[in-house]
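A.B. asks: Just the structure for this:
(2 chains)
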2 protein chains.
Amino acid sequence: MSSSIDFWFSVGSTYTYLSVMRLEAVERQSQVKFRWRPFDVRAIMIEMDNLPFTHKPIKARYMWRDIERRAKTHGLPWSGIPPYPIKYLPFATRIALVGAKEGWCAQYVKAAYQRWFINGHDPSIEPDLSGALEDIGQNPQRVIAIASSEETKAALTSETDSARALGIFGSPTIVSDGEIFWGDDRIEDAIQWHRHLT
Amino acid sequence: MSSSIDFWFSVGSTYTYLSVMRLEAVERQSQVKFRWRPFDVRAIMIEMDNLPFTHKPIKARYMWRDIERRAKTHGLPWSGIPPYPIKYLPFATRIALVGAKEGWCAQYVKAAYQRWFINGHDPSIEPDLSGALEDIGQNPQRVIAIASSEETKAALTSETDSARALGIFGSPTIVSDGEIFWGDDRIEDAIQWHRHLT
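C.D. replies: Residues are numbered from 1 along each chain as shown, chains lettered A, B, ... in the order given. Down below sits the predicted model:
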């Protein structure tokens, strides 16, 4: 049995804000270490004909209220509804993938969500795209060049294929030994499950 | 401020199984009393272009697995995936509405879900339609006649209008003082919210 637990996500998913901001605390409390796995949730949602919240105003209104309430429950900041959707979800997620290879994925993703949810700026466009990288001491020009390469595009497609093969259809999703848990509100269930295995 | 807390649901919703079967225990533990409010979630989902799980095999597979896991967490029985969707959701929900007027709603709904999820039979068709009523000592012929009346049809439409006006789009939804909480997994959040008000 595998002892790894994976945190699959896209930069641009709304509920993912909650997970990104609390995952370190969850790791400390649970002594479980998550592997950050960026994938393109938008590609899978389009394939599955899952309409985004932009087309569903009533559900969207509820979603923001729910995220606001749960942010408060978790002691996370809330500065009102951020711009949505972000313009370049796959590109911001490719930057996270570069970070996963180089070891600064979690830092970058937190910086991007800080700018998105707390400052209210789209982190997939300038100046916040470069800004989030500067926040964590990465050279924007260098990283953006790597994220724009065919190699990184292919890598994200490959990771998205892996997510699809696991049955993932939303962000965030936690996976332990092939068992999938969708949503920030399933993190604790996923940890329970993972504990029974290891 | 209102001191009531409402449990809005349709007989035929899948996750509602979890709530229906644990709500009495939740009431005992929390000392909060829920008012059972049947409404036609299918009508609202059709209006909102929310495709049911029948058209989404990957999400449906996840949903059943999630319900199975959460049933176990709550100590509820699980006998495998039940027939889905049930044939006459609005009719079964109209029976629940008759029960709400006459004082046996919760009993009926539990009997119907017992037959659906535990015995694996569609509770909206015979023999389980009458069977669930017999289980709780109600005369099926009498109740089915009332549930088939124009008056009961109009009453369900009116309740569904009230649900829509509150911003409800799924079953179950808990409402306390206009604040809505969607899903069995938000019952505890709803109780917390309700406590702050009363």
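
A.B. asks: the helices in chain A, which residues?
C.D. replies: A:16-30, A:41-47, A:57-73, A:89-102, A:105-113, A:128-135, A:140-147, A:150-166, A:187-197 (DSSP state H).

A.B. asks: closest to chain B out of these?
C.D. replies: Proximity of these to chain B was assessed by CB to the nearest CB; the nearest stretch is helix A:57-73, lying at 5.4 Å. Using the backbone N, CA and C atoms, a C-beta is placed for each residue, glycine as well.

A.B. asks: Quick one: residues in contact with the closest one.
C.D. replies: A:14-15, A:17-18, A:53-54, A:77-78, A:81, A:84, A:184-185, B:48, B:50, B:167, B:169, B:180-182, B:186, B:189, B:193 (CB atoms under 8 Å, 6 or more residues apart in numbering or on different chains).

A.B. asks: and it, which residues are buried?
C.D. replies: Along helix A:57-73, the positions that meet the burial threshold by neighbour count (16 or more other CB atoms under 10 Å in any protein chain shown) are A:58-60, A:62-64, A:66-67, A:69-71.

A.B. asks: would JSON lines of those with pLDDT be doable?
C.D. replies: Below are the buried residues of helix A:57-73 laid out as JSON lines (pLDDT from 0 to 100):
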{"residue": "A:58", "pLDDT": "91"}
{"residue": "A:59", "pLDDT": "91"}
{"residue": "A:60", "pLDDT": "93"}
{"residue": "A:62", "pLDDT": "96"}
{"residue": "A:63", "pLDDT": "96"}
{"residue": "A:64", "pLDDT": "97"}
{"residue": "A:66", "pLDDT": "97"}
{"residue": "A:67", "pLDDT": "98"}
{"residue": "A:69", "pLDDT": "97"}
{"residue": "A:70", "pLDDT": "96"}
{"residue": "A:71", "pLDDT": "97"}
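
A.B. asks: Dump the residues you listed to CSV, plus distance to residue B:136.
C.D. replies: As requested, the buried residues of helix A:57-73 are arranged in CSV below (distance: CB to CB, whole Å):
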residue, distance to residue B:136
A:58, 35
A:59, 35
A:60, 40
A:62, 34
A:63, 37
A:64, 41
A:66, 35
A:67, 40
A:69, 36
A:70, 37
A:71, 43
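
A.B. asks: if we can go back for a sec, which of the helices of chain A sits closest to residue B:31?
C.D. replies: Taking CB to CB as the criterion, helix A:57-73 is the member of the helices of chain A that comes nearest to residue B:31, at 21.2 Å.

A.B. asks: send the alpha carbons of the closest one over as PDB?
C.D. replies: Listed in PDB are the C-alpha atoms of helix A:57-73, where the atom choice follows Å, rounded to 0.1, in the frame of the first residue of the first chain:
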ATOM      1  CA  PRO A  57     -25.800  32.800 -10.400                       C
ATOM      2  CA  ILE A  58     -27.800  31.200  -7.500                       C
ATOM      3  CA  LYS A  59     -25.300  28.400  -6.900                       C
ATOM      4  CA  ALA A  60     -22.500  30.900  -7.200                       C
ATOM      5  CA  ARG A  61     -24.000  33.200  -4.600                       C
ATOM      6  CA  TYR A  62     -24.300  30.300  -2.300                       C
ATOM      7  CA  MET A  63     -20.700  29.200  -3.000                       C
ATOM      8  CA  TRP A  64     -19.200  32.500  -2.000                       C
ATOM      9  CA  ARG A  65     -21.300  32.700   1.100                       C
ATOM     10  CA  ASP A  66     -20.300  29.100   2.000                       C
ATOM     11  CA  ILE A  67     -16.600  29.900   1.400                       C
ATOM     12  CA  GLU A  68     -16.900  33.000   3.500                       C
ATOM     13  CA  ARG A  69     -18.400  31.100   6.400                       C
ATOM     14  CA  ARG A  70     -15.900  28.300   6.200                       C
ATOM     15  CA  ALA A  71     -13.000  30.700   5.900                       C
ATOM     16  CA  LYS A  72     -14.100  32.200   9.200                       C
ATOM     17  CA  THR A  73     -14.500  28.800  10.800                       C
END
